[in-house]
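Engineer: I need the structure of the sequence given here:
(one chain, ligands or ions: 1)
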Amino acid sequence: MNIGYGRTELADVAARQMREPRYYNIFFQTTHVPAIALTKKLSEISPKGFNKVFFASSGSEANDTNIKLVRTYWSLKGKPEKTIIISRYNAYHGSTVGAASLGGMIDMHDQGGLPIPDIQYINQPNWWEEGGNLPQEAFGLARAQELEMAIQEYGEDRIAAFIAEPIQGAGGVVVAPNSYWPEIQQICDKYEILLIADEVICGFERTGNWFGSQTLNIQPDIMTIAKGLSSGYQPIAGSIVSDSITEVISQQEFYHGYTYSGHPVSAAVALENLRILEEENIIKHVREIAASYLKEKWEALVDHPMVGEAKIIGLLGSLALTPDKNSRAKFAAEAGMIGKIVRERCLSVISLCETSRNAS
Ligand SMILES: *Cc1c(COP(=O)(O)O)cnc(C)c1O
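Structural biologist: Presented below is the predicted three-dimensional model:
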């Protein structure tokens, strides 16, 4: 909820839009004013050359759009065999059949017969967990080079795209070593594959810029957006696509859409959310006040005997807990157990705070 709780401006806009009777879906060559206005605003705040948005109601749906979009793109370019999308183990891209297949969470794949064909995975740039004896930057480089190895293994003529979150969110807030993204970018540029940045968590100023791609200097071809687009006030999401993709896709009808894609109430609320983010200069606030304060306090937590690493970019950070910092040892408990204990502790502190606030 990037603009915070209880913003009545958004409720007012929603009510006004609901009383407006004109509505038609935006599936087949049709549109409406709130979707046009929101697209215009999104193209203004996106990096240069992003002027088209395929709307959806959730990040998962938007990533499903991306699967069809990149495969259709290559097919229209006369390369229908370019269908493989490379993702990363432990990535999170949503819960639908397509999006959960794009995600690299093996436990999710075990349910429902996933993944769908032609999705492949490389390892995540999680140095703390998987870095072994390598220094961070060498590890980052090695993990990025797995993309090149995968391209060589499956063949450039088979690969449509690489998808990644600029900072992995649900998979444990994995901030890659500095060497990682420049190498990934160089590999994507060298071979003919598209880069999809899943901005669902990083987007809308969470990292101190409109998009995480800008913070990490990534040049994607498609950006998946959701969550912060409406600060969570309405379900709305989308894929912002570059002009070079738009040009190809619009050569014929793209048979894709959801009835509620870019629903006028959601679109109007998202537009108002972006207006507030801009008018209240929240980027500046995140960069200069909130994030710098949080960074100082966050990084000081490494002084705690059980905190091995405290990483943070903007308002997105992680703590690595360990019984022995030097060896980056894991706890003896079953994997995931310590996280659960900490979570329960945090929730009970929140409810304690609420009880005391209610009492006073
Ligand atoms: C939450 C999330 C999604 C899925 O969005 P939904 O709206 O829950 O479908 C996709 N990608 C990332 C990076 C996410 O964090």
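Engineer: phi, psi for the single nearest residue of the stretch 151-300 of the chain relative to the ligand please.
Structural biologist: For the stretch 151-300 of the chain and the ligand, the shortest gap (CB to the nearest ligand atom) falls at Val200, measuring 3.4 Å. No exception for glycine: its C-beta is placed from N, CA and C like everyone else's. Backbone geometry at Val200, expressed as degrees, to the nearest 10, gives phi -60, psi -40.
Engineer: let me see the contact set for it.
Structural biologist: 59, 62, 94, 165, 169, 224-227, 237 (CB atoms under 8 Å, 6 or more residues apart in numbering).
Engineer: select from these the one having the most neighbours.
Structural biologist: Among those, Ala62 has the most neighbours (other CB atoms under 10 Å), with 33 neighbours.
Engineer: any buried residues in the helix or strand encompassing that residue, and which?
Structural biologist: Assigned by DSSP states H and E, Ala62 falls within helix 59-76. In terms of neighbour count (16 or more other CB atoms under 10 Å), helix 59-76 has its buried residues at 59-67, 69-74, 76.
Engineer: filter the residues you listed down to the ones close to the ligand.
Structural biologist: The subset of those within reach of the ligand, by CB under 6 Å from any ligand atom, is 59-60.
Engineer: what's the closest of the buried residues of helix 59-76 to Asp303?
Structural biologist: Gly59 (36.0 Å; CB to CB).
Engineer: ok, the residue lying closest to that closest one once chain neighbours are set aside - contacts?
Structural biologist: Spatial nearest neighbour of Gly59, chain neighbours left out: Ala226 (3.5 Å); criterion: CB to CB, 6 or more residues apart in numbering. Ala226 makes contact with 56, 58-59, 62, 200, 203, 236-238, according to CB under 8 Å, 6+ apart.
Engineer: kindly report the same for Glu129.
Structural biologist: Glu129 touches 172, 320, counting by CB under 8 Å, 6+ apart.
Engineer: so for the host helix or strand of it, what's the average pLDDT?
Structural biologist: Assigning secondary structure by DSSP H and E places Glu129 in helix 127-130. In this model, helix 127-130 has an average pLDDT of 95.
Engineer: give me the distance between that helix and the centre of its chain.
Structural biologist: Computed by CA atoms, centre = their mean, to the nearest Å, the chain-centroid distance of helix 127-130 equals 21 Å.
Engineer: in it, what counts as buried?
Structural biologist: 127-128, 130.
Engineer: with just CA atoms, put that helix into PDB.
Structural biologist: Only the C-alpha atoms of helix 127-130 are listed here, as PDB (Å, rounded to 0.1, in the frame of the first residue of the first chain):
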ATOM      1  CA  TRP A 127      24.800 -15.600  -2.100                       C
ATOM      2  CA  TRP A 128      24.000 -16.100   1.600                       C
ATOM      3  CA  GLU A 129      22.200 -19.400   1.000                       C
ATOM      4  CA  GLU A 130      24.100 -20.800  -2.000                       C
END
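Engineer: state the distance from the closest residue to Glu165 other than its chain neighbours to Gln252.
Structural biologist: Once flanking residues are discounted, Glu165 sits nearest to Asp198: 4.6 Å by CB to CB, 6+ apart. Distance of Asp198 to Gln252, computed by CB to CB, to the nearest Å: 26 Å.
Engineer: between those two, who's got more neighbours?
Structural biologist: The neighbour comparison of Asp198 against Gln252 (other CB under 10 Å) goes to Asp198, with 33 against 9.
Engineer: perfect, that will be all.
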